[in-house]
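Participant: need a structure here:
(2 chains)
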Amino acid sequence: MKTNNFSIATFNVNSIRSRLHILIPWLEENSVDVLCMQETRVQDENFPKEAFDKIKYNVVYKGQKSYNGVSIASKHEINDTAVGFDDLENSPEDEARLIRCIVRDIPIVNSYVPQGRALDHMYFQVKLRWFERLKDLFERNYSAYEPLLWCGDLNVAPDSRDVYAPDNHEDHVCFHEDARKALENVKSWGFIDVFRKFNMEPEQYTFYDYRIPNAVKRHLGWRIDHILATVPLARRAEKAYIDISSRLAQKPSDHTFLVAEFVL
DNA sequence: ATGGTCGACTCTCGA
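Facilitator: All right, here's what the predicted structure looks like:
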C-alpha cells in the first residue's frame, strides 16, 4: 500500500527563479510529499508561487533580497509554519535561514546554516552559535521520542568520508573540528543521519563547487546537505539517496537533491 | 597551482 509512505527531499536551489527549469519537472517526476529548499535568494513578494500552484504543491517561504531564503513545498496541507528562532537573538537573516512546519503530523525543520566564511571570521562564531541555538529550539519545541525531521544545507561535512581530500580541509569552515563537533552536539539530542543509515561508503556528495572543473567526474565534492530524523521516525526509514540530476542539468545547481523515504 | 564559476546586483559580494 502506498498510503503510509512518506518521502522528503532537500535541495539547495541557489536561486529558485534560476532553477525552476530543474525544480518543477523534478517535483512532477518524483512526487515527494515534502521538499525543503535553501538559498531561494528572493524576497517574498517575488517568490514564484504560481509555478508550485500549477503542479498542485502548497508552498511556504521566507526570503531576503539576493541572499539566503528558505522554503518548504508539499503535496499536503502545510500547518503551523514558523520562521527564525524563538530566542532573543533572532534576526531577519535568521528568519530567511530557518523555516519549520508540520505536514501529515510530522514536524519538519528546514535550515540553511551560515557557511562561516573563514575560521577567523566573526561569522564562523555565528555558525557555531547557530548549532547551539538549534539545539535549544529542538529542546524547547520538540521531543526526541516523537517523529521529527531536520533537513537542509547544514554546511558541515560530518566525517572524513564526506569531503574529498579531508586532510587538506581541516581548516575549512565546513570541515573544521569545531564545526563538526557543533553539528554532532545537536545530533546527540536525538537525531539519526538517515542517509548514513543506508549508505556507508565514502565519496557520496551533495555539493560540487562550480569553480572546480569537472568536479562531479573527479569526485571533488562535499556531503553538507542532510536529512536527520529522530529515532521513532528513523526506524521507519526505507531508503535514502542522492539524486545528482540537478548537478548534471543544463544550468545546474551546485547542490544535488537528497531524498529519504519512510513507511509510517 | 592557492585558481576556478555562478547569481543577484552593482561595478562586488557570497558561496
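
Participant: for whatever helix or strand A:E29 lives in, name the packing helices and strands.
Facilitator: Assessed by DSSP states H and E, A:E29 sits inside helix A:20-30. Applying 3 or more CB pairs under 8 Å, 6 or more residues apart in numbering; DSSP states H and E, one finds that helix A:20-30 contacts strand A:5-12, helix A:49-54, helix A:245-248, strand A:257-263. All C-beta atoms are positioned from the backbone trio N, CA, C, and that covers glycine.

Participant: sheet partners, orientation included, of the next helix or strand along the chain from the second one?
Facilitator: It stands for helix A:49-54. Next in sequence after helix A:49-54, counting helices and strands by DSSP H and E, comes strand A:58-62. With DSSP bridges as the test, strand A:58-62 is paired with strand A:70-74 (antiparallel).

Participant: avg pLDDT for the strand it pairs with?
Facilitator: Averaged across strand A:70-74, the pLDDT comes to 98.

Participant: for it, give me every contacting residue.
Facilitator: A:16, A:27, A:33-38, A:40, A:47, A:52, A:57-63, A:78, A:81, A:83, A:96-99, A:101, A:103, A:108, A:110-112, A:152 (CB atoms under 8 Å, 6 or more residues apart in numbering).

Participant: now with 6 Å, please.
Facilitator: A:34-38, A:40, A:52, A:57-61, A:99, A:101, A:103, A:110, A:112 (CB atoms under 6 Å, 6 or more residues apart in numbering).

Participant: alpha carbons only: can I get it in PDB?
Facilitator: Provided in PDB are the C-alpha atoms of strand A:70-74 (Å, rounded to 0.1, in the frame of the first residue of the first chain):
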ATOM      1  CA  VAL A  70      14.200  29.100   2.700                       C
ATOM      2  CA  SER A  71      11.000  27.400   1.500                       C
ATOM      3  CA  ILE A  72       9.000  24.200   2.100                       C
ATOM      4  CA  ALA A  73       6.700  22.700  -0.600                       C
ATOM      5  CA  SER A  74       4.300  19.900  -0.100                       C
END
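
Participant: report whether it contacts DNA strand B.
Facilitator: No. Using CB under 7 Å from any atom of the strand, strand A:70-74 stays clear of DNA strand B, with a minimum separation of 13.3 Å.

Participant: listing partners with orientation, what would you give for the helix or strand that that strand is followed by?
Facilitator: Downstream of strand A:70-74, the first helix or strand assigned by DSSP H and E is strand A:79-83. Using DSSP bridges, the strands paired with strand A:79-83 are strand A:98-103 (antiparallel).

Participant: partner strands of the very next helix or strand once past the partner strand, parallel or antiparallel?
Facilitator: The helix or strand immediately downstream of strand A:98-103 is strand A:106-112, counting by DSSP H and E. In the sheet, strand A:106-112 lines up against strand A:98-103 (antiparallel), strand A:149-153 (parallel) (DSSP bridges).

Participant: thanks a lot, catch you later.
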